[in-house]
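[1] Have a look at this prediction, sequence included:
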Amino acid sequence: MVVLEFERPIKELEDRIGELRRLAGPSEELQGEIARLEEALEAAKRRIYTNLTPYQRVQIARHPDRPHFEAYVDAIAEDFYELSGDRLFGDDPAVRGGFARVGEHRVVLLGHDKGSDVKSRVKTNFGMAHPEGYRKAHRLYELAGRFGLPIVTLIDTPGAFAGRGAEERGQAWAISEDLMALAGVPVPVVSVVVGEGGSGGALAMCLADHVVMLENSYLSVIAPEACASIIFRDSGRAAEAAEAMKLTARDLEAHGIVDEVLPEPLGGAHQNPDAATEAVAGAVRRALSGLAGKDPAALVESRYERYRRIGAHVAGQPG
Amino acid sequence: MAARGARGAGRSEGRYEIRHWLSKRREYARPAPETESGLGPIDGVFTKCEACNEPVYAKDFEARYNVCPNCEHHYPLAAPERVRLLADSGSFEEWDGGMVAGNPLGFEGYEERLEKARRRSGLEDAVLSGGAAIGGRPVALAVMDFRFVGGSMGSVVGERVARTIERATERRLPLIIVSASGGARMFEGIYSLMQMAKTSVALARYRRAGAGAYVSVLTDPTFGGVTASFATAADVIIAEPGARIGFAGARVIEQTTREKLPEGFQTAEFQREHGNVDRIVHRLSLRSDLERVLGYLAW
Ligand SMILES: [Zn+2]
C-alpha cells in the first residue's frame, strides 16, 4: 500500500513491530517491547489521523488504494446494467453509468471511474473525462428524466481533462449542457463525492438535491497546487492553498454547500474499503427514500432555490 | 478552471501602449480611466498595435472601440464601452449597481485585490448589467469586464448574471450576455465554483419558461467556469474575431499533455470550425448583427 509522507511515523512503527515479531518467533522475550510499540502505534494513528490538515485529506482523497467506481457500485447496487457511449463520438471510460437497482429503487447510476490498477488508470485517464464522458452523462440524465428514474452520481475526478481533443470537441460546452440538464431534470438527484471533486468536471455531475461527501474527499474550484502557483506563484505552497480554500467536506458542510458528511475509517477509506463503500451505500439508500415520491416540479424548484442562494455578495439595488 | 486566457504581453514602458490591454499580470496598468473607454486624454499620442506592430492613432483606436484600424485586431473592451457600443443611446438602466463581493473564506489579500481592481476599473466587480434597448427592442444585458481581476467569476458575477436572467424570465425579455473571463475567482473558492450552478439553474428556468432568446457573445478571452456554464448554454453563440475561447488555457494544456498546439488553437475561428460557435462578428457590426438575430427570435 502506498504510504503518504505524513504517514511515515505510522509505517515505521508498523515495520518495527513486524521485525520484532519475526525475531521473537514463539518466544516470550520481546512481547513487552512489542506491546509497548503497539500502543505507540495506536497513539500515533490517533494523533495523525484525527488531526489531518486539509492538504493531507486531499492526499487521502487521491490515494491510489482508495475504493473507486466499481467497488461503490458493488456495494450500492444489486444489479448494474451498464450503458456506453455519447452517440456522437465515442465512449469515455472515465465516466461510467447505467441502470441500477438500489433496494426497492430503480435508478440511473453514474460516476467517474479512476480505475484500480495501472492499466485501468490509463484507460480511464485517471478519472479525467473528455467531452464524450460529459455527453454520456447528459444522455443518462435525459433517459432518467424521461423514465422517471432517480439519478445517483459518484464523484471522483481531478477535473475535466485539459487537452487538445477535449477542447476541439467542446469540453466547456459539454459541461454547461450537463449543468443545464441537471438543473431541470424532474427526478431526484443524489450525489456522493467519494474522492476528488475537481472543479467543473465534478460539478457537471453533482448539481443535486442531496449532496454527500466522504470525510476525506474534497470539492474545489481548482486543485490546490494550481491555486498556489497562481496566487502564491509557487505550487509548493499547495498546503497553504488547500487551507485557504476551505475545500474539505467539513468546511463545505459548515458553509452550507453540502448536506451530509460520512465519517471514514481511521486513516481513510482505503484502510477499510468495505466500511467506506457500505457507508456510501447506506447514505444513498436513505437519500433515495427521503426524496422518493416528491412532486417532480417541486423537486426542480427546490433544486433551483438551493443553488440560487449560494453567494457572498453584499447589497445591490434591485432593478 | 483557472485557465488564464491572456498570453504574456510585451513589457514596453510606453504609457499608453495598447499592449497594456493585454497585460494580465498588471490587470490594466494604466491609471484610473478619465474617459469611458479608459484610454484617457491622449493629445494626439500614437500607440503601437501589438498585433500588427503598426503605429495607431489612439483616438482612432478609441473611436473604433479598441479595434485596430490597421489590422482589425480586437482588444478587450471595458464594460461601459461595450454597453455604449450595443445599447440604444440613453436606453441602458443599470440593475444591481453597488453590489460588491464579500470575502466568504476570509482569503488573505482578497479585499486589497478587490479594492485595487475597483480603483483601476471604476467598476464594482467584473460585470455590468441592466436593462437596455437594442434597435428599439428591450433586452436584458450583462457585460463582463476582463480588467476586473481577469474577469473572474465570483459571487457578484454569478449573482448579477443570475438576476439579469431572472428579470429576463419575469419580463419575457431577450437575454444578451457578453463574456470575457479568465475563469474562476479563486479567492472565493467553492463560492466561485457554485456560481456555475447558480447561473445554470437560472438559465434552465429561463429556457423552461420559454421566456425568450439567449444570445451569448464571447470575447477575448473567455475561459474556465464562465465558458463551462452560462457563456455556452445559449441559443445562439457569437464570437469576436480572434477571441481566445476555451475551457483550459493553452499553457495549461501544453504543460499537462506536452502536446504541440496548432496555430490559431482556441481562437473564435477555431471554435467555429469545430462547431462550437455560430458566427464570428466584427465588433463594429455586432450591434446590427444582434438586431438581426433578435428579429428572428424575439417577440
Ligand atoms: Zn493592428
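    In hand now; what should we look at? Numbers count the residues shown, from 1 in each chain, chains lettered A, B, ... in the order given.
[2] do stretch A:146-163 and chain B meet at all?
    Yes - Stretch A:146-163 lies within reach of chain B by CB under 8 Å from any CB of the partner chain, at A:159-160, A:162-163. The C-beta positions use only the backbone N, C-alpha and C, and glycine is treated the same way.
[3] Give me the number of neighbouring residues for residue 232.
    Because you didn't say which chain, this covers chain A. By the other CB atoms under 10 Å in any protein chain shown criterion, the neighbourhood of residue A:232 contains 15 residues.
[4] hm, I was asking about chain B
    Neighbours of residue B:232 (other CB under 10 Å): 27.
[5] now swap in the one 3 residues further on and tell me
    Look at residue B:235: counted by other CB under 10 Å, it has 15 neighbours.
[6] what pLDDT does it get?
    pLDDT for residue B:235: 98.
[7] Correct me if wrong: it contacts residue B:297.
    Yes - assessed by CB atoms under 8 Å, residue B:235 is found in contact with residue B:297 at 6.6 Å.
[8] which residues are common contacts for the two?
    B:213, B:215 (CB atoms under 8 Å, 6 or more residues apart in numbering or on different chains).
[9] Do a quick rundown of the helices in the stretch 151-300 of chain A.
    For the stretch 151-300 of chain A, the helices defined by DSSP state H, counting those that start in this stretch occupy A:164-168, A:171-184, A:199-203, A:224-231, A:238-245, A:249-254, A:273-291, A:296-308.
[10] who touches the longest one?
    Think helix A:273-291. With contacts defined as CB under 8 Å, 6+ apart, helix A:273-291 is touched by A:66-67, A:71-72, A:74-76, A:102-103, A:105, A:107, A:150, A:152, A:154, A:188, A:190, A:192, A:194, A:209-210, A:212, A:214, A:260, A:262-265, A:269, A:299.
[11] quick check: angle from that helix to helix A:296-308?
    Helix A:273-291 and helix A:296-308 are oriented at 120 degrees to each other (axes from the mean of the first three to the mean of the last three CA atoms, to 10 degrees).
[12] and helix A:273-291, how far out from the chain's middle?
    Distance of helix A:273-291 from its chain centroid, counting by CA atoms, centre = their mean, to the nearest Å, is 14 Å.
[13] do the last one as well
    Its chain's average C-alpha position is 23 Å from that of helix A:296-308, according to CA atoms, centre = their mean.
[14] Just put the residues of stretch A:146-163 next to chain B in CSV and tack on pLDDT.
    Below are those laid out as CSV (pLDDT from 0 to 100):
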residue, pLDDT
A:159, 97
A:160, 97
A:162, 96
A:163, 96
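[15] Show me where chain A has its strands.
    For chain A, strands defined by DSSP state E occupy the ranges A:79-83, A:95-102, A:105-112, A:151-157, A:189-198, A:210-214, A:218-220, A:260-262, A:313-314.
[16] same thing with the stretch 1-150 of chain B?
    Along the stretch 1-150 of chain B, counting by DSSP state E, counting those that start in this stretch, strands occupy B:46-48, B:55-57, B:93-94, B:100-101, B:127-134, B:137-144.
[17] Which strands or helices does the last one pack on?
    Looking back up the chat, that one is strand B:137-144. helix B:79-86, strand B:127-134, helix B:155-171, strand B:175-181, helix B:283-297 (3 or more CB pairs under 8 Å, 6 or more residues apart in numbering or on different chains; DSSP states H and E).
[18] Distance check, residue B:96 against residue B:158.
    Going from residue B:96 to residue B:158 by CB to CB, to the nearest Å gives 12 Å.
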